[in-house]
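*Asks:* No sequence on hand, only this structure:
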């Protein structure tokens, strides 16, 4: 990671934690952690969805691509309608391992309607009118839509925002804050940004929780030291008390750093290093399709 990438992540860390800590107010760190990380997940999958939409648009208008949409015989308005309809085809997304998001589970829908939900508002959800009674209820509805259309996530997401005892206006502020997280960068992969933000927040929340915070989170510095000691060039890494999956992530980074010295493909981790991460539930593994 070069200096500019480190600076980007450092600035992101400082902005997010300082702002999020001000919003915490009536919740303890253990509760607020889930509120923040759940919304970060929604923002991440929504950004991935939007990027795929941009790619599809380019493919539909590229005469050399197999998905090219011939505009012959169509007016500009008809062509726009055809493209809009194609953008709602699920297969375009799943073929690239991007989660399909129904309209009511996309970030823009959440951010646009969150202020309206402070009182109560009727919105169209899955093609039907539904009364949304709070911002927390709206977030739960967004998460329900993601689970409904992506069976592998069923029962995984934390849909308990309605039960949070927090000022609804504060939840809107939190949504607007997380909207500023850019899951795209010229040189950093979106999954790397997500993993960094996720790991950073877990560390900060563990500190805020005090001595009990260490029950579910091992500081990155300790994880890195252990990985450097075991040198996982061969075999499997097994973490029976896995929480955030830091040992698996750091093992992967270790392989990448030393790949050249040991004739290892850092992407496939094959040849001299049959390293595999078993039962991984980190953002790198479980937050993609």
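*Replies:* Yep, that arrived. The model shown is predicted, which means the values in this text are computed figures rather than measured ones. Numbers count the residues shown, from 1 in each chain.
*Asks:* Find the helix or strand that residue 165 is a member of.
*Replies:* Assignment of secondary structure by DSSP states H and E places residue 165 within no helix or strand.
*Asks:* That one reaches residue 32, doesn't it?
*Replies:* No: Residue 165 lies out of contact with residue 32 (Cβ atoms under 8 Å); the separation is 11.2 Å. To be clear about C-beta, it is placed using only N, CA and C from the backbone, and glycine gets the same treatment.
*Asks:* who has more neighbours, these two?
*Replies:* With neighbours defined as other Cβ atoms under 10 Å, residue 165 and residue 32 compare such that residue 32 has more, 23 against 8.
*Asks:* Against residue 80, how distant is the more buried one?
*Replies:* 43 Å (Cβ to Cβ, to the nearest Å).
*Asks:* what does residue 195 give?
*Replies:* In terms of Cβ to Cβ, residue 195 sits 37 Å off from residue 80.
*Asks:* out of these two, which sits in the more crowded spot?
*Replies:* residue 195 (22 against 11).
*Asks:* can you give me the helices in this protein?
*Replies:* 3-24, 29-60, 76-86, 91-94, 107-113, 135-149, 168-178, 190-209, 220-230, 246-258, 283-286 (DSSP state H).
*Asks:* Make CSV from those helices and add distance to residue 68 and mean pLDDT to it.
*Replies:* Shown next, in CSV, are the helices of the chain (distance: least, Cβ to Cβ, whole Å; pLDDT from 0 to 100):
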stretch, distance to residue 68, mean pLDDT
helix 3-24, 36, 77
helix 29-60, 7, 88
helix 76-86, 11, 94
helix 91-94, 14, 95
helix 107-113, 27, 97
helix 135-149, 27, 96
helix 168-178, 36, 89
helix 190-209, 27, 75
helix 220-230, 46, 82
helix 246-258, 37, 76
helix 283-286, 34, 38
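*Asks:* Mind checking the ones you listed for the one nearest to residue 238?
*Replies:* helix 246-258 (9.1 Å; Cβ to Cβ).
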